[in-house]
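[1] Structure of the sequence below:
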Amino acid sequence: MTHNRTRTVFATAALALAIGTGSALAGNPMVGGAPMYESKNIIENAVNSKDHTTLVAAVKAAGLVKTLQGDGPFTVFAPTNAAFAALPAGTVENLLKPENKGLLTKILTCHVVAADAMSDAIRKMVDDDKGAHPVKTVGGCQFTATYNGDKIMIKDGQGNVANVTIADVDQSNGVIHVIDKVLLPSS
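    Residues are numbered from 1 along each chain as shown. This is a model prediction of the structure:
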């Protein structure tokens, strides 16, 4: 009987340790095969996602690393590599040229909102605005947030709709929502 009780105590302790160790992620989803830690900032986490290497390269080229490592809060709608690849041929390469830094910065900052907006808050804003919430970005763009069930969608300035594929990736300075399209300004 003592042996079974000891085994139960050890099993309970091991489970508690596993749960405690997992709390570094605190329920955050994996993104691009990498754990996302609430204790790290947006850049510290993004550089580990294999699905966001193009975004990280663009952020570096635009000189936005320090900004996104700042206190925030920021909500970043983070396009995947596939979203960048879906742009017309040569677009990403052209944007990464030093002479296009201004346009690149504009596009990237149009993916950032100066708030910590988790998906529940976004859905509430959409509901409060009767189905479509205007989203004002750091880059001066205005997009429209909607949702269908649990799926949040962002309509950009050109009428394209990006779907949030991974929501609520909590960061020390905000939140990341992974999206499947690059959001573009109206002009």
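[2] Contacts only, for the residue nearest to Ser49 when sequence neighbours are not counted.
    Distances taken as CB to CB, 6 or more residues apart in numbering place Gly32 nearest to Ser49, at 3.0 Å, with adjacent residues excluded. No exception for glycine: its C-beta is placed from N, CA and C like everyone else's. Shown in contact with Gly32 (CB atoms under 8 Å, 6 or more residues apart in numbering): 48-52, 80.
[3] and those, which are buried?
    Among those, those buried by neighbour count (16 or more other CB atoms under 10 Å) are 48-49, 51-52, 80.
[4] which pair in the contacts of Gly32 spans the largest distance?
    Asn48 and Thr80 (14.2 Å; CB to CB).
[5] list the helices and strands the helix or strand where Ala145 lies packs on?
    Element membership for Ala145 (DSSP states H and E) is strand 142-148. On a contact count with 3 or more CB pairs under 8 Å, 6 or more residues apart in numbering; DSSP states H and E, strand 142-148 meets helix 119-128, strand 133-136, strand 151-155.
[6] relative orientation of it and strand 151-155 in degrees?
    150 degrees (axes from the mean of the first three to the mean of the last three CA atoms, to 10 degrees).
[7] What pairs with strand 142-148, parallel or antiparallel?
    In the sheet, strand 142-148 lines up against strand 133-136 (antiparallel), strand 151-155 (antiparallel) (DSSP bridges).
[8] can you give me how far the first one is from the chain middle?
    Pointing back at strand 133-136 there. 17 Å (CA atoms, centre = their mean, to the nearest Å).
[9] Any buried residues in that strand, and which?
    In strand 133-136, counting by 16+ other CB under 10 Å, buried: 133, 135.
[10] And for stretch 92-100?
    Buried, per 16+ other CB under 10 Å, within stretch 92-100: 92, 95-96, 100.
[11] and what of stretch 138-153?
    In stretch 138-153, counting by 16+ other CB under 10 Å, buried: 138-139, 141, 143-147, 152-153.
[12] all strands of the chain, in order?
    74-79, 112-113, 133-136, 142-148, 151-155, 161-171, 174-179 (DSSP state E).
[13] which one of the ones you listed lies closest to Glu38?
    strand 161-171 (4.7 Å).
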